[in-house]
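Novice: Predicted model follows, preceded by the sequence.
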Number of protein chains: 2
Amino acid sequence: MVDPLDPTPLYVQVADAVAARIKAGELKPGQPIPSEKTLQQDYGVARGTVRQAVAVLRDRGLVITVPQRGTFVKPA
Amino acid sequence: MVDPLDPTPLYVQVADAVAARIKAGELKPGQPIPSEKTLQQDYGVARGTVRQAVAVLRDRGLVITVPQRGTFVKPA
DNA sequence: GCGGATTTGTACGTATGTATG
DNA sequence: GCATACATACGTACAAATCCG
């Protein structure tokens, strides 16, 4: 999934990986993406890195974060 | 400048403080704003907090950051 | 051209607060 | 009450590019 040797920043790699899962339909509109803790474990990165990745996805308009609820795939 | 007891997040308080200095003409278009290290010292907050504050200013379109150069007040 | 200082970028870790389930 | 989940804030370390003497 993520490659520490790839010069691409880890948080971008994680963002791309999650974006791919959305595009593939594994994560559907309206559904929550895995929590920060789960993403940490899935990709083996620190929480701060996960948060940066999610921020990228928000910037791209792919997801919406609802405080204390979770982060959801944005409906088309 | 910043008030730890104010429920407003510190990074927003710092962003507002810098925005005020821009608006007041203390920091002029094309000029660099103080470095992250300087802002840390000026406001007594951690670097991460400063970086979040600068990110807010970028989102507001007030400044532009050039890697390894600095962050500059955006020309009108 | 060289080397150190500066400045931003990335990454990790930890603690606490607040709201939700 | 407890577990979950995001928000804020602190700290550290190293990398990369730039600037300046």
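Specialist: Sure, I can see it. Numbers count the residues shown, from 1 in each chain, chains lettered A, B, ... in the order given.
Novice: Let me know the pLDDT of the closest residue to A:Asp6 other than its chain neighbours.
Specialist: Once flanking residues are discounted, A:Asp6 sits nearest to A:Gln13: 6.5 Å by C-beta to C-beta, 6 or more residues apart in numbering or on different chains. Any C-beta I mention is one placed from the backbone N, CA and C, and that applies to glycine too. If you check A:Gln13, the pLDDT there is 90.
Novice: how about the strands in chain A?
Specialist: With DSSP state E as the criterion, chain A has strands at A:63-66, A:70-73.
Novice: before we move on, back to that, residues touching the residue nearest to A:Asp6, list them.
Specialist: Contacts for A:Gln13 (C-beta atoms under 8 Å, 6 or more residues apart in numbering or on different chains) come out as A:1-3, A:6, A:43.
Novice: Take those and write them to CSV, including distance to B:Pro75 and pLDDT.
Specialist: Listed next are the contacts of A:Gln13 as CSV, based on distance: C-beta to C-beta, whole Å; pLDDT from 0 to 100:
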residue, distance to B:Pro75, pLDDT
A:Met1, 42, 65
A:Val2, 38, 73
A:Asp3, 40, 73
A:Asp6, 36, 71
A:Tyr43, 40, 89
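Novice: List buried residues within those.
Specialist: A:2, A:43 (16 or more other C-beta atoms under 10 Å in any protein chain shown).
Novice: hang on, the earlier thing: export the strands of chain A to TSV and tack on distance to B:Arg58 and mean neighbour count?
Specialist: Shown next, in TSV, are these (distance: least, C-beta to C-beta, whole Å; neighbours: other C-beta atoms under 10 Å in any protein chain shown):
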stretch	distance to B:Arg58	mean neighbour count
strand A:63-66	19	16
strand A:70-73	22	18
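Novice: Adding mean pLDDT and distance to B:Gly70, write these out as JSON lines.
Specialist: Shown next, in JSON lines, are the strands of chain A (pLDDT from 0 to 100; distance: least, C-beta to C-beta, whole Å):
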{"stretch": "strand A:63-66", "mean pLDDT": "90", "distance to B:Gly70": "30"}
{"stretch": "strand A:70-73", "mean pLDDT": "89", "distance to B:Gly70": "33"}
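Novice: And those: which comes nearest B:Ala76?
Specialist: B:Ala76 lies closest to strand A:63-66 among these, at 32.5 Å (C-beta to C-beta).
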